[in-house]
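Colleague: Pasting the sequence and the predicted model now:
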Amino acid sequence: MKYLQVIIASLLLMSSDAYAQELYVFSEPASNMPSKSLGIRLTNEGMSQSGFVSRTIPEIMIGFNKNLMAHAQGFFSDMDGRYRLEGGSLYAKYRFLSNDNVRSHFRGAAFARVSTSKRPTYTQDINLEGDNSGFQGGVVFTQLLHKLALSGSLSYMKAFRDEGKQVPLMDRPDQLIGYSLSSGYLLLPFVYKNYNQPNFNLYFEV
């Protein structure tokens, strides 16, 4: 089985208070969007297993103030036959800690997610971005050290029980402890001359 995830379009209608090396592909840093800002993101996932199937995730991101932001996602895929709307998700993040200096900062945030999905359940894995209905809560901390950003998160996930979607004689998702470790390093530019310069970053996430 081959699995591929790629962000195929991203339109950010704002300037984030996160540095470029904190804009991870698959995870959220403790930094937030600026107050009264809007972001739009489109993600596509593909999987090869007896043919190619895909999932498309449009997402709207809103910054309410410097400490609170929220995301709304929709899930569309052909993983169970015809292409259809699978479900959706709401995500919110509240930054409760900020220790900022000129070229470094340490930030902490709490986040929560609730998701719904029409997909049948047949494994113990929990994926709240399309595969399962459930909720998640956790914390994330981010340390910026000049050009290097390090981030780690810890969360608890709980799948909602729905006997109508459970595949007989297969595993049932229940609870899960999740974590992520992310790093980003600013490669270019070596020296900023203006805000119109493009940024080139190296990311690593697990």
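Modeller: It's in.

Colleague: can you tell me the helix or strand for the residue of the chain positioned farthest from its centre?
Modeller: Taking C-alpha atoms, centre = their mean, the residue of the chain most remote from its mean C-alpha position is residue 169, at 31.7 Å. Residue 169 belongs to no helix or strand when assigned by DSSP states H and E.

Colleague: Can you give me the distance of it to residue 92?
Modeller: 37 Å (C-beta to C-beta, to the nearest Å). Placement of C-beta: from N, CA and C, glycine included.

Colleague: Check residue 137 too.
Modeller: 10 Å.

Colleague: ok, now residue 81?
Modeller: Going from residue 81 to residue 92 by C-beta to C-beta gives 33 Å.

Colleague: Tell me which of these two has more neighbours.
Modeller: residue 92 (15 against 8; other C-beta atoms under 10 Å).

Colleague: beta partners of that one?
Modeller: For residue 92, the beta-bridge partners are residue 70, residue 112 (DSSP bridges).

Colleague: Please tell me how far it sits from residue 110.
Modeller: In this view, residue 92 and residue 110 are 9 Å apart by C-beta to C-beta.

Colleague: same deal with residue 165?
Modeller: Relative to residue 110, residue 165 is positioned 30 Å away (C-beta to C-beta).

Colleague: repeat for residue 130
Modeller: From residue 130 to residue 110 the distance is 24 Å (C-beta to C-beta).

Colleague: and if you look at residue 98?
Modeller: 13 Å.

Colleague: more crowded one of residue 130 and residue 110?
Modeller: Shown here are residue 130 and residue 110; by other C-beta under 10 Å, residue 130 has more neighbours (23 against 16).

Colleague: how near is the more buried one to residue 73?
Modeller: Residue 130 is 9 Å from residue 73, by C-beta to C-beta.

Colleague: State the phi and psi torsions of the residue nearest to the spatial centre of the chain.
Modeller: Relative to the mean C-alpha position of the chain, the nearest C-alpha, by C-alpha atoms, centre = their mean, is the one of residue 27, at 4.4 Å. Torsion angles at residue 27 (phi, psi; degrees, to the nearest 10) stand at phi -140, psi 170.

Colleague: residues near residue 26, how many?
Modeller: 12.

Colleague: quick one on the thing from earlier: check contacts around the residue nearest to the centre of the chain.
Modeller: 140, 151, 153, 180, 182, 205 (C-beta atoms under 8 Å, 6 or more residues apart in numbering).

Colleague: With residue 35 instead?
Modeller: 63-66.

Colleague: ranking these by neighbours, who comes first?
Modeller: residue 63 (20 neighbours).

Colleague: Local confidence estimate at that one?
Modeller: Note on residue 63: pLDDT of 95.

Colleague: ok, which stretches of this protein are helices?
Modeller: Assigned by DSSP state H, the chain shows no helices.

Colleague: so where's it uncertain?
Modeller: Within the chain, the segments meeting pLDDT under 70 span 1-18.

Colleague: now with 50?
Modeller: 1-3, 5-15 (pLDDT under 50).

Colleague: Which parts of it are strands?
Modeller: Secondary structure of the chain, counting by DSSP state E: strands at 2-13, 37-48, 52-63, 68-77, 84-100, 104-117, 134-145, 148-159, 175-188, 200-205.
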